Each structure stands twice: as C-alpha cells, then as structure tokens.
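Engineer: Sharing a sequence plus its predicted fold:
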Amino acid sequence: MSERRQAFPIFPAEKYGNMWQIAAWPMCTALGGMVCNTAAGFVPRNCVGYRVMTDGGQDGRAEKPLQIIVGIATTGRPGILAETLQHMATLQDQPDRVIVSIAHSNDADANQIGQLPFPFEIVTSPKGLCEQRNTVLAAVPSDAIVLFLDDDFLISDGFVSATRAVFEEEQDVVMATGTVLADGILGPGLTHRSGLVALAQADNRYAAVRTEVYNAYGCNMAIRMAPVQTHAIRFDQELPLYSWLEDVDFSRCLAAYGRVVKDSNMQGVHLGTKTGRSPGKRLGYSQVANPIYLIRKGTMSPSRALRLMGRNMVANLAKTVRPEPWVDRIGRVRGNFLAVSHLLTGRMSPKRILEL
C-alpha cells in the first residue's frame, strides 16, 4: 500500500494564505497555544504534526473478522444502563464483548441487567468520563475495535456489522461515528420507549456512505485500538467529570494517524437522558474552560473553539428570560462568566469545576 502524508487541516494555507497564519499566530500564543506552524497550517505538537494515511485495499484486510468490543462508561444511572443492555441483547447483530466501566458499586445492578447473550464484564474506575473510558481502553486488545457508547445510546440491528465493515474495508480509518436518527440531548430527552420508536426508522440495506469529519460524536464512536496502543493515546483526564469536548480532543489526537469518518449505516438513537449530568454552573464553566484548554493543547482550532464558546454564551444569556425546564440557564451563565473571570486573572482550569 502506498503512503501519503497530509497536514492537519485547521487553517489551510491554500485558502487563507500566509497572512492568515501570521495574523492568527499571536492569538494562539496569547492563549498559550501549543501549536506549530507548517506550510499547510497549524498542527498540534502533542498529537504529531502529520497524519499517515494509506490507500487501503485488499492487501491490508484482516483475514478474520475484527473483534468489536462495546465500552460503556456510566455513573448513577443503573436503570438506564440496564435498559440499554437489554435492548442490545435483543439484536441479532451483537458485539463480541461488552465492558461497562463504573465508579461506584451501585452504578450497575446485576439484577436489573439480567442474563446477556454476549460476554459481559464490569470494571471499576475513578469517577469521570475520561478516567472510566481509559479503564476500558486498558482492557481492550490492540487488534480489536472498541465501540464507545453512552449508557443511553440505542444501536440499530446492524450497527455492529456496519462498524466492522468500516474498519475492514478502509484500513486508513482510525475512528468512526454513526448516524444519529434522533437526539434527545437537543430537547427534554427521550424515553426508552420513544427511542425504540425512533430507532424503527433505521435502514442499513444500502451501501454505506462515509464522509470524513472533524471529530466523532462522543455518544457513539468506534476506535481502532492499534494506533491507540502504539502511540499511547488516552482520554485527557484534565477534563474531569462529564469531560465536555473529550470526543473532540481524542478525535483530533487520533486523526494524526488516519481518518475520522461518519458512516451512514451505523445508525442509532441518543436518548439524551437528563439524570446524572453536570449541574448548570459546572457545565457553563466547562463551556469556556475546556475549549480554551484544547486551544492551548493544540487539539481544537481557535476559530472553531471561539465560535463554539460564543454560540453557547449567547444562547445561555438569551434564554435566561424563558429557560427550558430541563436546562439550568442561570447556572450556565454564572459558570460562563466565572470561567471568563478566571481566564482574565490566569486562574482558569477545566478541573476548577471540582470546586463548584
């Protein structure tokens, strides 16, 4: 297979020219940016400046089916976890193994979960999405695919096979995310029953359409373990608790070694259950602190991060007049402004949410 190198596509010089790089560099430096300048754009130093991509083909395909291991990090939602696992047990297309990472013994109830038709194990970890997902990574072999799912993500029948197909057919893909048919995170959340109704729309009878994306969506992301193990890539534990934007950070680190894609046949429903999530003030703080941290680290482009921060801060402030019942807008605004004040005084850190 031939090999080609492609620069990290944050600020393409062919579009903006060197003047954009010259103008943007002081801003990145002022934010503490751990970035380096190349002929094609800005590259995160800590995640390797160039990504190696192969052309793929029959020569590189595995001789046996890739093992698909589902990893679920969960805290304080044993009932939701049990419903998700019971749904998975009804599918004809099942994973080879499921690993659930918990922080406390009551995060998973064996009686609620019941008997499962696939190998299943529970591992214990310090509380926090990144810590718990890293515990799963440590339990997965390097020749497997780990499929991280939220504890309230329902996969369609065929999701596992579609995931396997991505990585067997395209050797340069290191990460894949699916098509979300309905996402309760955008509203009050979906019940398990309504999620199953939405899942009935799933149709993967057609050839998969795969498009390259900036990052995988954290509620469903499949990862090729070989580059993860070879390059010791882990979820950043500086992003505590709910670890907002951990999916962006991990995606961009792994993108140094291949492509990140969205697959049309990996279909599922994200219930977006509201229990067990970060309080408004903590999330509001993370909405500012985490993007700034990723800019400094070099895994999120300044333009994308600043756009995301601005959009969230404006939305929080505007909706305090008539806030949604399921969103603590006042708390988010307080968290936003506290993070800005900490940024201006040099005290901002994602871990400060542990003090709130």
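Structural biologist: Thanks, I have it. In this text the structure is predicted, and so the values were computed from the model without any measurement.

Engineer: can you list the weak-confidence ranges in the protein?
Structural biologist: Counting by pLDDT under 70, the chain has low-confidence residues at 1-63, 276-277.

Engineer: where along it do the helices fall?
Structural biologist: 13-30, 78-89, 110-113, 129-138, 159-169, 192-199, 225-230, 246-254, 280-297, 302-318, 329-344 (DSSP state H).

Engineer: Pull out the buried residues from the second one.
Structural biologist: Neighbour-count burial for helix 78-89 flags 78, 80-85, 87-89 (criterion: 16 or more other CB atoms under 10 Å). No exception for glycine: its C-beta is placed from N, CA and C like everyone else's.

Engineer: Identify, from the residues you listed, the entry nearest to Glu168.
Structural biologist: Glu168 has its nearest neighbour among the buried residues of helix 78-89 in Met88, at 21.4 Å by CB to CB.

Engineer: Span of stretch 185-197 from start to end?
Structural biologist: 17 Å (CA to CA, to the nearest Å).

Engineer: Flag every buried residue along it.
Structural biologist: Going by neighbour count (16+ other CB under 10 Å), the buried part of stretch 185-197 is 185, 189-190, 192, 195.

Engineer: biggest separation within those, which pair?
Structural biologist: So, the buried residues of stretch 185-197 by CB to CB: farthest apart are Ile185 and His192, at 15.2 Å.

Engineer: Ile102 is nearest to which of the helices of the chain?
Structural biologist: Here helix 129-138 is closest among those (CB to CB), at 7.4 Å.

Engineer: who's in contact with that closest one?
Structural biologist: Helix 129-138 has contacts (CB atoms under 8 Å, 6 or more residues apart in numbering) with 71, 73-75, 99, 101-103, 123-126, 146, 148, 225, 228, 234-237, 239-243, 246.

Engineer: I'd like to know which of these are part of strands.
Structural biologist: 71, 73-74, 99, 101-102, 123-124, 146, 148 (DSSP state E).

Engineer: Same list, those residues, but as a markdown table with distance to Arg329 and neighbour count please.
Structural biologist: Formatted as a markdown table, the ones in strands among the contacts of helix 129-138 follow (distance: CB to CB, whole Å; neighbours: other CB atoms under 10 Å):
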| residue | distance to Arg329 | neighbour count |
| --- | --- | --- |
| Gly71 | 32 | 24 |
| Ala73 | 27 | 28 |
| Thr74 | 27 | 22 |
| Ile99 | 36 | 22 |
| Ser101 | 31 | 27 |
| Ile102 | 31 | 22 |
| Val123 | 36 | 15 |
| Thr124 | 35 | 13 |
| Val146 | 35 | 23 |
| Phe148 | 29 | 26 |
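
Engineer: could you dump those residues to a markdown table with distance to Arg133?
Structural biologist: A markdown table is the format used below for the ones in strands among the contacts of helix 129-138 (distance: CB to CB, whole Å):
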| residue | distance to Arg133 |
| --- | --- |
| Gly71 | 7 |
| Ala73 | 5 |
| Thr74 | 11 |
| Ile99 | 10 |
| Ser101 | 7 |
| Ile102 | 12 |
| Val123 | 11 |
| Thr124 | 13 |
| Val146 | 9 |
| Phe148 | 6 |
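
Engineer: Would you mind measuring from the closest residue to Val228 other than its chain neighbours to Val123?
Structural biologist: The shortest distance from Val228 to any non-neighbouring residue, by CB to CB, 6 or more residues apart in numbering, is to Leu137 (6.5 Å). Computed as CB to CB, to the nearest Å, the Leu137 to Val123 distance reads 11 Å.

Engineer: what's the answer for Glu131, then?
Structural biologist: 11 Å.

Engineer: Could you check how many residues crowd around Val180?
Structural biologist: Per other CB atoms under 10 Å, the neighbour tally for Val180 reads 21.

Engineer: OK, contacts around the residue nearest to it when sequence neighbours are not counted?
Structural biologist: Once flanking residues are discounted, Val180 sits nearest to His270: 5.4 Å by CB to CB, 6+ apart. Contact partners of His270, counting by CB under 8 Å, 6+ apart, are 150, 152-153, 180, 182-185, 190, 219-220.
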